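> here are the coordinates; sequence isn't available:
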Ligand SMILES: Cc1ncc(C[n+]2csc(CCOP(=O)(O)OP(=O)(O)O)c2C)c(N)n1
Ligand SMILES: [Mg+2]
């Protein structure tokens, strides 16, 4: 998680895009967002229509798995029928080989949903949620402010103030819903894109910028807010989370641990190992996968042949898919999962089905590998717009609220800009600090060599 690793990441992402394996502009594929799930029509009688719970913690028998995967539930059939007519309405896009697998997630079982894209409240038998107007406004405020912060950071990168920025645009509901479901004593292990979760944990947004400006290796004290440092090595934080959760259990604590990761990370060996250890030790960890449909230029269909939440079944713990653009569904599902894991029932996997509306990072150009239509179909499911529609329907927020929020948003943006422009550069020698608690001869050698190099400049202090 060093400045070097940030720039390596940039270089690598560029390389990925230039690889011959990736689709060229002429071979881009289009996929539309899933059709509206019919929440509340569960016939499964299980904790959730998409859940693969195992009360015993043991993997279900093979037969049951196959049955579940092919079960022609009424709701699933209805939603499949709806999708068929929707796909007839829009002309079919040219797609590279393996089209069937690539469209699989759209034809999977329904997701947990409490708010339709039109902002209409629907009930789900397994995820009841009572929420006040004040709480709804709070969630909306969190989403609006974190989006504004994210937009500001993107602009600052373009102005040369940051080396790189990974935008969370489109993932606000997944992040705020899950972040607000947690208790202060829970512990979060994020990737590099969890700016909304950081906001919920109380990490000052300006502290997220230092690493991307190249002035520090992290920027905050993880233990102040129980929010670990950003991790760029894909998937490795799931192992840290599983280990930490095993420690929580051994200490007799009742906190939940949250491991955030992406659809691409789900292919990493680290994630498989984290699942195994967490399952076997019944560790209190919620694996929260934000399936934003892309891993740089690779679509989710290249990571898996089954919906990602179903992976949990093979490890012997429950998995469920939630509409990741529905902040209420994410809140309810994460609360339930955290409560379950706190009570000693072992890990839970949540797949938040969402979309990365921006570029992978500011070094990426998504128009080279995905269609405008795909983006537009997800824009119609914008998580902030969805909650705004709900607030309007409910009469839960008046004009005064919205204008105060706009003013607050502008103030935040100003503060972010000022903080970056006044952020001090570190002492060059500081990069050798905090590497090993007890020092290391190799680091000592490198420190001495670099000190000599700096001293060779005529204008260096001391010369
Ligand atoms: C171990 C490792 N391999 C490769 C990379 C380069 N890399 C950076 S982000 C990324 C894609 C991650 O996709 P996903 O897990 O879906 O998360 P998202 O970026 O979509 O949030 C890759 C391959 C890396 N940082 N670490
Ligand atoms: Mg992804």
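Looks like it arrived, so ask away. Bear in mind that the values here come from a model prediction, so they are computed numbers and not experimental data. Residues are numbered from 1 along each chain as shown. Ligands and ions are numbered 1, 2, ... in the order given.
> distance of whatever residue of the chain ends up closest to ligand 2 from residue 442?
For the chain, the nearest residue to ligand 2 under the criterion CB to the ion is residue 262, separated by 3.7 Å. Every C-beta, even on glycine, is put in place using the N, C-alpha and C of the backbone. Note on residue 262: its distance to residue 442, by CB to CB, to the nearest Å, is 33 Å.
> what about the two, which has more around it?
Under the neighbour definition other CB atoms under 10 Å, residue 262 and residue 442 were set side by side, and residue 262 has more, 26 against 10.
> leaving out chain neighbours, which residue sits closest to that one?
The spatially closest residue to residue 262, leaving aside those adjacent along the chain, is residue 290, at 5.8 Å (CB to CB, 6 or more residues apart in numbering).
> how far away is the most centrally placed residue in the chain from residue 282?
Among the residues of the chain, the one closest to the centroid is residue 290, at 4.0 Å (CA atoms, centre = their mean). Residue 290 is 24 Å from residue 282, where distance means CB to CB.
> repeat for residue 428
For residue 428, the distance to residue 282 under the criterion CB to CB works out to 47 Å.
> now residue 332
Going from residue 332 to residue 282 by CB to CB gives 23 Å.
> who's more crowded, the two?
Comparing residue 332 with residue 282 by neighbour count (other CB under 10 Å), the higher total belongs to residue 332, at 23 against 18.
> pull the contacting residues for that one.
The neighbours of residue 332, taking CB atoms under 8 Å, 6 or more residues apart in numbering as the test, are 112, 114, 124, 127-129, 181.
> redo that, cut-off 7 Å
Residues counted as contacts of residue 332 (CB atoms under 7 Å, 6 or more residues apart in numbering) are 114, 127, 129.
> reformat those as CSV; add pLDDT.
Formatted as CSV, the contacts of residue 332 follow (pLDDT from 0 to 100):
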residue, pLDDT
114, 97
127, 96
129, 97
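> who wins for neighbours among those?
Among these, where neighbours are counted by other CB under 10 Å, the top count belongs to residue 114, at 27 neighbours.
> so where do the strands sit in the stretch 101-250 of the chain?
Using DSSP state E, counting those that start in this stretch, the strands assigned to the stretch 101-250 of the chain run over residues 187-189.
> and this structure, which residues reach ligand 1?
Counting by CB under 6 Å from any ligand atom, the residues of the chain lying close to ligand 1 are 9, 12-13, 193, 232-234, 262-265, 292, 294-296, 356, 360.
> give me phi/psi at residue 292?
Backbone geometry at residue 292, expressed as degrees, to the nearest 10, gives phi -100, psi 20.
> quick revisit: just the closest of the contacts of residue 332 to residue 436, please.
Compare each of the contacts of residue 332 with residue 436 using CB to CB and the shortest gap goes to residue 127, at 46.3 Å.
> so that closest one touches residue 336, yeah?
Yes: in terms of CB atoms under 7 Å, residue 127 counts as a neighbour of residue 336; the distance is 6.3 Å.
> quick one: the helices in the stretch 251-400 of the chain?
269-280, 311-315, 327-342, 372-379, 383-394, 399-421 (DSSP state H, counting those that start in this stretch).
> cool, and the stretch 101-250 of the chain?
133-158, 172-179, 195-201, 210-213, 222-225, 236-250.
> the second one - contacts with which helices or strands?
With contacts defined as 3 or more CB pairs under 7 Å, 6 or more residues apart in numbering; DSSP states H and E, the packing partners of helix 172-179 are helix 133-158, helix 195-201, helix 327-342, helix 383-394.
> got it, and the last one?
Using 3+ CB pairs under 7 Å, 6+ apart as the contact criterion, the neighbours of helix 236-250 among helices and strands are strand 187-189, strand 257-262, helix 269-280, strand 285-291.
> show residues contacting the first one.
Taking CB under 7 Å, 6+ apart as the criterion, the residues outside strand 187-189 that touch it are 197, 201, 226-228, 237, 240-241, 244, 255, 257-260.
> okay, the helices of the stretch 251-400 of the chain, which one's buried deepest?
Among the helices of the stretch 251-400 of the chain, helix 327-342 has the highest mean neighbour count (mean count of other CB atoms under 10 Å), at a mean of 25.
> that one vs strand 285-291, what angle?
Orientation note: helix 327-342 sits at an angle of 150 degrees relative to strand 285-291 (axes from the mean of the first three to the mean of the last three CA atoms, to 10 degrees).
> now helix 327-342: mean pLDDT?
What helix 327-342 shows for mean pLDDT is 98.
> got the angle for it vs helix 133-158?
Comparing the axes of helix 327-342 and helix 133-158 via the same axes, to 10 degrees yields an angle of 100 degrees.
> gap between helix 327-342 and the chain center?
Helix 327-342 sits 15 Å away from the centroid of its parent chain (CA atoms, centre = their mean, to the nearest Å).
> same question, stretch 326-338
For stretch 326-338 - counting by CA atoms, centre = their mean - the centre lies 14 Å from the chain centre.
> how about stretch 433-448?
For stretch 433-448, the distance between its averaged C-alpha position and the chain's averaged C-alpha position is 34 Å (CA atoms, centre = their mean).
> in that stretch, what counts as buried?
Judged by neighbour count using 16 or more other CB atoms under 10 Å, the buried positions of stretch 433-448 are residue 447.
> mean confidence score for it?
The pLDDT scores in stretch 433-448 average 94.
> please renumber so the chain begins at 24
Got it, first residue is 24 now, which makes that one stretch 456-471.
> what sits up against that stretch?
Residues from elsewhere that reach stretch 456-471 (CB under 7 Å, 6+ apart): 452, 455.
> what is the end-to-end distance of it?
Stretch 456-471 has its terminal residues 13 Å apart, counting by CA to CA, to the nearest Å.
> please apply the same query to stretch 231-242.
Distances were taken as CA to CA; on that basis the terminal residues of stretch 231-242 are 6 Å apart.
> just the mean pLDDT for stretch 192-207, thanks.
Summarised as a single mean, pLDDT over stretch 192-207 is 98.
> and that stretch, what's buried?
Judged by neighbour count (16+ other CB under 10 Å), stretch 192-207 contains these buried residues: 192-205.
> make sure the residue nearest to residue 285 is actually in contact with residue 377.
Yes: if you go by CB under 7 Å, residue 313 and residue 377 touch, sitting 5.8 Å apart.
> which neighbours do the two share?
Taking CB under 7 Å, 6+ apart as the contact rule, the neighbours common to residue 313 and residue 377 are 194, 197, 347.
> quick one: residue 417 from residue 391, how far?
Relative to residue 391, residue 417 is positioned 41 Å away (CB to CB).
> if you could redo that for residue 454, that was the one I meant.
For residue 454 relative to residue 391 (CB to CB), the value is 34 Å.
> show me which of those two is the more surrounded one.
Looking at residue 454 and residue 391 with other CB under 10 Å, you find the greater number of neighbours at residue 454, namely 17 against 14.
> hmm, back to that, PyMOL command to pick out the buried ones of the residues of the chain next to ligand 1?
Taking 16+ other CB under 10 Å as the burial criterion, the selection of buried members of the residues of the chain next to ligand 1 in PyMOL is written as:
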select buried, resi 32+36+216+255+257+285+286+287+288+315+317+318+319+379+383
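> burial measure for residue 245, as a count.
16.
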